[in-house]
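> give me a model of this one.
(one chain, ligands or ions: 1)
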Amino acid sequence: MVLNQIGPLPTLDLVDLGVPVTRDRPREYAVLQRALDVHQGLCVGDARFTAEPETLTTTDAQDMRRMCLTCPVAVPCGTYAAAALPSAGMWAGTQYPLEESENA
Ligand code: SF4
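You can find the predicted model right below:
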């Protein structure tokens, strides 16, 4: 299932780009969408969040995780990502796809 089949959102690049997900989780997606109706994710416009992880420096990753800690939509972002298992991107401080050991 590709997110943009549900409908694009204007306030989160990870969602706008239609990052494919492993599992369709419309309930968690709806909660994230409601949060994004009120707040903008701090990562909007920051291409590092949708970059290939091997292109990120350690400093980038630390900075991104710090941003996520203070983001107003961190909880629904992280909940959605943990449920849907996106194929790419950093979501609420976690890089996807998860390693095999994290994906149980
Ligand atoms: S928690 Fe992180 S990845 Fe999620 S919207 Fe906020 S800044 Fe972006």
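
> so where's the chain shaky on pLDDT?
Flagging of the chain using pLDDT under 70 yields the residue ranges 1-11, 103-104.

> could you pull out the strands for it?
Along the chain, counting by DSSP state E, strands occupy 89-91, 94-96.

> what would the ones you listed look like in CSV with distance to the ligand?
From N, CA and C alone the C-beta is placed, and that goes for glycine too. Rendered in CSV, the data for the strands of the chain read as follows (distance: least, C-beta to the nearest ligand atom, whole Å):
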stretch, distance to the ligand
strand 89-91, 5
strand 94-96, 9
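
> same list (those strands) but as JSON lines, adding distance to residue 64 and mean neighbour count.
Output for the strands of the chain, formatted as JSON lines (distance: least, C-beta to C-beta, whole Å; neighbours: other C-beta atoms under 10 Å):
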{"stretch": "strand 89-91", "distance to residue 64": "5", "mean neighbour count": "25"}
{"stretch": "strand 94-96", "distance to residue 64": "9", "mean neighbour count": "18"}
